[in-house]
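**Q** Only the shape, not the letters, is given here:
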Ligand code: GDP
Ligand code: CA
């Protein structure tokens, strides 16, 4: 079974641990490809940082700080302190000392002319994440947030997504998102093939706008999913009208989407109506929205969606696969 998943950072990575745990229990041979979001990537102090790729790589490779959900375990921040002592910006970005090792290898390899996809594959040789991790694109396309210009109310300015998300904790109202460079970005090597050749395509509970939405914005990826033979199943990151973690509500409202599982399902849309989803899992607390989502042509089921541990997450994976495997009326 060939599973292809799109993934942001922590929500995607945690879900993927469940995918691998579930597959380990089955006898069927399997192959998991992850298309990672690179819209969050940023140059910091001369280093190329790819937060979502690293979160997936460290999580699946056993190197993540599980408490924080990002960065390396047993981390120290001496280099960051030194940089702050020099007064150089940005001071808000969480550059850990161990993590810097990864960024140095990546940056040197990129500077030597290797594409991000090759560099990522090389980094994964150390971490052995158990999946094939493909950047959505080798081209630079970074998410920026449109906010009101503090110096001129008639104007809007764009700041890097990381500045809005980390420095401002998404507290400044976002008027929209602009992925700078996306029009000219091409899907990375193997991305379209992994979608076309998949038996199942999965949207983990990643941020629908700045993680999954960014991947879908790479020209060619959305169309590849729509025309794929595989069924597409998604897992809601929104439970009881709120994100489980993080500020996805601020991203959804910037796009005029309610922070409800039903609105996110409608945003992706039913495959049968030109959208993306064949199936959508909602949390038990959102049972009341199952009928309305089903009525739009998306198979829907309510189950516990909190990824409390890998076993609970593996049950979510089993349910997701079952939802799209059974006949349309069985959901
Ligand atoms: P990021 O790039 O690190 O922000 O991570 P993602 O985009 O992959 O995932 C972020 C999303 O994961 C958030 O919108 C959360 O609501 C969602 N999330 C985190 N933990 C859980 C969980 O236990 N269950 C569900 N259903 N969603 C979760
Ligand atoms: Ca991210």
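**A** Cool, got the structure. Computed from a predicted structure; not experimentally measured. Ligands and ions are numbered 1, 2, ... in the order given.
**Q** Now do the contacts for the most centrally placed residue in the chain.
**A** In the chain, the centroid-proximal residue (CA atoms, centre = their mean) is residue 8; its distance is 1.4 Å. Residue 8 is in contact with 37, 40, 52, 204, 206-207, 210-212, counting by CB atoms under 8 Å, 6 or more residues apart in numbering. Using the backbone N, CA and C atoms, a C-beta is placed for each residue, glycine as well.
**Q** Tell me which of those fall in helices.
**A** 52, 212 (DSSP state H).
**Q** picking that back up, leaving out sequence neighbours, find the closest residue to the residue nearest to the centre of the chain.
**A** Closest residue to residue 8 apart from its sequence neighbours, by CB to CB, 6 or more residues apart in numbering: residue 211 at 2.5 Å.
**Q** Kindly report the same for residue 107.
**A** Of all residues not flanking residue 107 in the chain, residue 48 sits nearest, at 4.7 Å (CB to CB, 6+ apart).
**Q** is any part of the helix or strand containing residue 144 close to ligand 1?
**A** Using DSSP states H and E, residue 144 sits in strand 142-149. No: on the criterion CB under 6 Å from any ligand atom, strand 142-149 is out of touch with ligand 1, staying 10.7 Å away.
**Q** ok, now stretch 154-168?
**A** No: Stretch 154-168 stays out of contact with ligand 1 when judged by CB under 6 Å from any ligand atom, the minimum separation being 8.0 Å.
**Q** Report the buried residues of that stretch.
**A** If you call a residue buried by 16 or more other CB atoms under 10 Å, then stretch 154-168 has these buried ones: 158-168.
**Q** so how far is the first residue of it from its last?
**A** Counting by CA to CA, to the nearest Å, you get 21 Å between the two ends of stretch 154-168.
**Q** touching ligand 2 at all, that stretch?
**A** No: Stretch 154-168 is not in contact with ligand 2 by CB under 5 Å from the ion; minimum separation 7.9 Å.
**Q** Rounded mean pLDDT for that stretch, please.
**A** Over the span of stretch 154-168, the pLDDT mean works out to 97.
**Q** ok, back up a step: now the residue nearest to the centre of the chain, what are its backbone angles?
**A** Phi and psi for residue 8, reported as degrees, to the nearest 10, are phi -90, psi -130.
**Q** residues near residue 173, how many?
**A** Other residues near residue 173 number 12, with proximity taken as other CB atoms under 10 Å.
**Q** Let me fix that, I meant to ask about residue 78.
**A** By other CB under 10 Å, the residues close to residue 78 number 10.
**Q** Could you list the buried residues of stretch 46-57?
**A** 47-57.
**Q** same thing with stretch 77-90?
**A** Here stretch 77-90 shows 77, 80, 83, 90 as buried, counting by 16+ other CB under 10 Å.
**Q** Quickly find the element holding residue 139.
**A** Counting by DSSP H and E, residue 139 is part of no helix or strand.
**Q** Contact distance from ligand 1 - what residues of the stretch 101-250 of the chain qualify?
**A** 205-207, 211, 235-237, 239, 243-246, 248.
**Q** mind giving me a markdown table with those residues and columns for pLDDT, neighbour count and distance to residue 226?
**A** Below are those laid out as a markdown table (pLDDT from 0 to 100; neighbours: other CB atoms under 10 Å; distance: CB to CB, whole Å):
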| residue | pLDDT | neighbour count | distance to residue 226 |
| --- | --- | --- | --- |
| 205 | 98 | 31 | 21 |
| 206 | 98 | 29 | 19 |
| 207 | 98 | 25 | 21 |
| 211 | 98 | 30 | 19 |
| 235 | 98 | 26 | 19 |
| 236 | 98 | 24 | 21 |
| 237 | 98 | 28 | 22 |
| 239 | 98 | 19 | 27 |
| 243 | 98 | 19 | 26 |
| 244 | 97 | 18 | 28 |
| 245 | 94 | 13 | 30 |
| 246 | 94 | 20 | 28 |
| 248 | 97 | 26 | 24 |
